[in-house]
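In: 3D model of this:
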Amino acid sequence: MLTEYGKAVQKARIELGVTISQMAKELECSLSYLSAMENGKKPIPKKYVQMTEAYFVRRGAL
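Out: Down below sits the predicted model:
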């Protein structure tokens with residue numbers, strides 16, 4: 001089940017045409033870990049929230 005974080009990240013990725021694999025590579029984490037955070041299966045460290053925000057800011061999405 002997608003978390004609110006997961007929904008927001010997924011929506012922003014889709015709007016930018018970025019795959020979860022591409023984003024995971026940029027954030028230097030595994031695709032499975034990023035997916036687990038989005039889907040509420042892993043806790044979301046503050047570090048990743050900040051990294052995700054910076055990722056989308058660099059791409060002009062925020």
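
In: neighbours around residue 43, how many?
Out: Using other Cβ atoms under 10 Å, residue 43 has 8 other residues around it. C-beta here means a position set from N, CA and C on the backbone, and glycine is covered the same way.

In: no wait, residue 59
Out: Neighbour tally, residue 59, other Cβ under 10 Å: 16.

In: contacting residues around the nearest residue to it once chain neighbours are set aside?
Out: Leaving out its chain neighbours, the residue that sits closest to residue 59 by Cβ to Cβ, 6 or more residues apart in numbering is residue 16, at 5.6 Å. Contact analysis of residue 16 by Cβ atoms under 8 Å, 6 or more residues apart in numbering lists 56, 59, 61.

In: what segments of this structure are helices?
Out: In the chain, the segments counted as helices under DSSP state H are 4-16, 20-27, 31-38, 46-58.

In: looking at those, which is buried most?
Out: Mean neighbour count (mean count of other Cβ atoms under 10 Å) peaks for helix 31-38 among the helices of the chain, with a mean of 17.

In: lovely, talk soon.
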